[in-house]
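**Q** Here's my sequence, what's the structure:
(one chain, ligands or ions: 1)
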Amino acid sequence: MSDRLPGFSTLAVHAGAQPDPTTGARATPIYQTTSFVFNDADHAASLFGLQAFGNIYTRIGNPTNAVLEERVAALEGGTAALAVASGHAAQVVVLQQLLQPGDEFIAARKLYGGSINQFTHAFKSFGWNVVWADPDDIASFERAVTPRTKAIFIESIANPAGSITDIEAISTVARKAGVPLIVDNTLASPYLIRPIDHGADIVVHSLTKFLGGHGNSLGGIIVDAGTFDWSTGGKYPMLSEPRPEYHGIRLQETFGNFAFAIACRVLGLRDLGPALSPFNAFMILTGIETLPLRMQKHCDNAKAVAEFLAGHPAVASVSYAGLPSDKYNQLARKYAPKGAGAVFTFSLKGGYDAGVSLVSKLQLFSHLANVGDTRSLVIHPASTTHSQLDDAAKVKSGAGPDVVRLSVGIEDKEDLIADLEQALGA
Ligand SMILES: *Cc1c(COP(=O)(O)O)cnc(C)c1O
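**A** Predicted structure coming up:
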């Protein structure tokens, strides 16, 4: 055996998996079972008391899901991960470990529309108060810090315009405030950006998008970087204080640099219940095997489409960080040198009506609310995902009335450009 550390593409195929010890099956089997037989009464007691690792019940853990968790942890450079039913479930489970009612977290204003909704309305009903900051103005994060701030939440490549966030600068603010930095890495995937290398303490994903990659399975995941000290000042009692559910153990003391992932599993997933189906874990694992190939093609196609649109007379502007003229191009070169992702926006000279008309004329691009599919997708955010925001908030979050969002797929780029050409010209 060589002592070379495996590269990213090797990890994407192999990390966490081995031939099934019972049957020799080479692909990871779908362990479609709710529960697992204990060896004996002592074994059962030690599993329930967190004294031994093992399978109890699929709401808490499952062997197919465990391969997915190990694989994404390896790709992101984290210590451990927890798979859940969706990207939104990942966000709830993470914040439940960090916030008590009345606490605050700071979030970048440029986010997936569903996250803006979740943070504004659902989380408010839990007493978790979001304070918005502008990812293009690092000082706005510093100004937002109060004694009740428990976390900072950003996207690495931000919806909908594909803007690049200065993760290192915001991680410096988080460090100074003594709170963890949570990065939603959905649009980049670890192939383009590994937020932990830039100071993130927790990474979350909607696996539904580029990691699964084929538009067929919902999932979410939480990756623990193992970097944050949860014991300071009693600020994170879920991690630092004795847990009555588990005979008074303290998670940080017992589990060290993967205590956060354990808290998410044994306090979050166990009690809130958004478990990932093993079938979906299998589909997403299969998708991840080709992540490096797909992501590169997504990025190369997106750049070609962005260049075409930038030269088209009906287009007012293109926001794609991979274009040298883009205001995020410097940050893209630093954080995402292999490509600036495949989700971006452009605006039409004809405004709202032209946006609505374009999405109805496109044929190869599917008009729907998703990103990160092999297929190319289009949406007009102002009339759909961001329609609940008022006009000023739409513009601030990059979803003004004239804006169209693309998620460029892995088809032949000439066909994608021809489709846009007929729809813009007609
Ligand atoms: C889709 C998405 C989510 C939510 O994920 P679901 O799997 O749909 O719950 C969160 N963040 C980003 C950036 C997304 O694109």
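
**Q** Could you use CA atoms for every contact and neighbour count after this?
**A** Will do.

**Q** and Ala25, what is it in contact with?
**A** Residues in contact with Ala25 (CA atoms under 8 Å, 6 or more residues apart in numbering) are Pro19.

**Q** Next: Ala15.
**A** Counted by CA under 8 Å, 6+ apart, Ala15 has contacts 67, 70-71, 74.

**Q** Mind checking which of the residues you listed are in helices?
**A** Assignment to helices by DSSP state H places the following of these there: 67, 70-71, 74.

**Q** Which SSE is immediately downstream of the helix or strand hosting Ile152?
**A** Using DSSP states H and E, Ile152 sits within strand 149-155. Following strand 149-155 in sequence order, the next helix or strand is strand 157-158 (DSSP H and E).

**Q** avg pLDDT for that following strand?
**A** Computed over strand 157-158, the mean pLDDT rounds to 96.

**Q** just stretch 38-57 next, same as before
**A** Mean pLDDT, computed over stretch 38-57, is 92.

**Q** Just the CA atoms of it, as PDB, please.
**A** Output of stretch 38-57 as PDB, limited to C-alpha atoms (Å, rounded to 0.1, in the frame of the first residue of the first chain):
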ATOM      1  CA  PHE A  38     -28.900  -6.300  19.700                       C
ATOM      2  CA  ASN A  39     -26.200  -8.900  20.500                       C
ATOM      3  CA  ASP A  40     -27.500  -9.100  24.100                       C
ATOM      4  CA  ALA A  41     -28.900  -6.900  26.900                       C
ATOM      5  CA  ASP A  42     -25.600  -5.300  27.800                       C
ATOM      6  CA  HIS A  43     -25.000  -4.400  24.200                       C
ATOM      7  CA  ALA A  44     -28.400  -2.800  24.000                       C
ATOM      8  CA  ALA A  45     -27.800  -0.800  27.200                       C
ATOM      9  CA  SER A  46     -24.400   0.500  26.000                       C
ATOM     10  CA  LEU A  47     -25.900   1.600  22.700                       C
ATOM     11  CA  PHE A  48     -28.700   3.500  24.400                       C
ATOM     12  CA  GLY A  49     -26.200   5.100  26.900                       C
ATOM     13  CA  LEU A  50     -23.900   6.300  24.100                       C
ATOM     14  CA  GLN A  51     -21.100   4.100  25.500                       C
ATOM     15  CA  ALA A  52     -20.800   2.200  22.200                       C
ATOM     16  CA  PHE A  53     -21.400   3.100  18.600                       C
ATOM     17  CA  GLY A  54     -23.800   0.900  16.600                       C
ATOM     18  CA  ASN A  55     -27.200   0.700  15.000                       C
ATOM     19  CA  ILE A  56     -30.400   1.000  17.000                       C
ATOM     20  CA  TYR A  57     -33.200   2.400  14.800                       C
END
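
**Q** Return the entry from the contacts of Ala15 with the maximum number of neighbours.
**A** Highest neighbour count within the contacts of Ala15: Arg71, with 24 neighbours (other CA atoms under 10 Å).

**Q** Leaving out sequence neighbours, find the closest residue to that residue.
**A** Of all residues not flanking Arg71 in the chain, Ala15 sits nearest, at 4.7 Å (CA to CA, 6 or more residues apart in numbering).
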